[in-house]
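Asks: need the 3D shape of this:
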Amino acid sequence: MSISAFLEAARRLELVSKYWLATEKYVHAYKLMTLLAEETRAEAEAMTNTSSESYKGEARQQVAKLYASHADEYFKKSRACLIKALEEESTLESRESLDGDQARARNRSFAVLFSKPVEEETKLLLEQTE
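Replies: Numbering: from 1, shown residues only. Predicted coordinates:
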């Protein structure tokens, strides 16, 4: 599935209040866009190291930053859906009210959204203190 397909699915699910499933689709879009940003950044570094293609490398760096920015946006949207899902779930009589797909989406979403590597957390803390 493509990034745009995940985003479209997430938006549709959000419209019908299937927030756990929407969260999961946004998480998939985030992961794919993050991977694309990392690959583009690596390409850019390789081009920058070659003097004849350094200008192309700088352009690719800008593209990588754009991809990373979009990934951050999808991460924020996934967390916003997660909050809506938690609010909705708190009004349900029991957790068993979720169907199997939504329960699996909830578990996978938590695993991704709340398991950042230590280096990322450290970087975020350093940026906040500057």
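
Asks: and the residue lying farthest from the centre of the chain, which of the three is it?
Replies: Within the chain, S52 marks the point farthest from the mean C-alpha position, 34.6 Å out by Cα atoms, centre = their mean. Three-state call for S52 (DSSP: H, G, I helix; E, B strand; the rest coil): helix.

Asks: how close does it sit to F75?
Replies: 36 Å (Cβ to Cβ, to the nearest Å). For the C-beta atoms, the positions are set from N, CA and C on the backbone; glycine is no exception.

Asks: now swap in L82 and tell me
Replies: When L82 is compared with F75 (using Cβ to Cβ), they lie 10 Å apart.

Asks: any stretches of this protein with poor pLDDT?
Replies: By pLDDT under 70, the low-scoring segments of the chain are 51, 53, 92-97, 116-130.

Asks: if we use 90, what do you get?
Replies: Residues of the chain meeting the criterion pLDDT under 90: 1-2, 17, 31, 41-62, 85-130.

Asks: ranges for the helices of it?
Replies: Ranges of helices within the chain are 3-15, 19-49, 54-91, 100-113, 118-129, based on DSSP state H.
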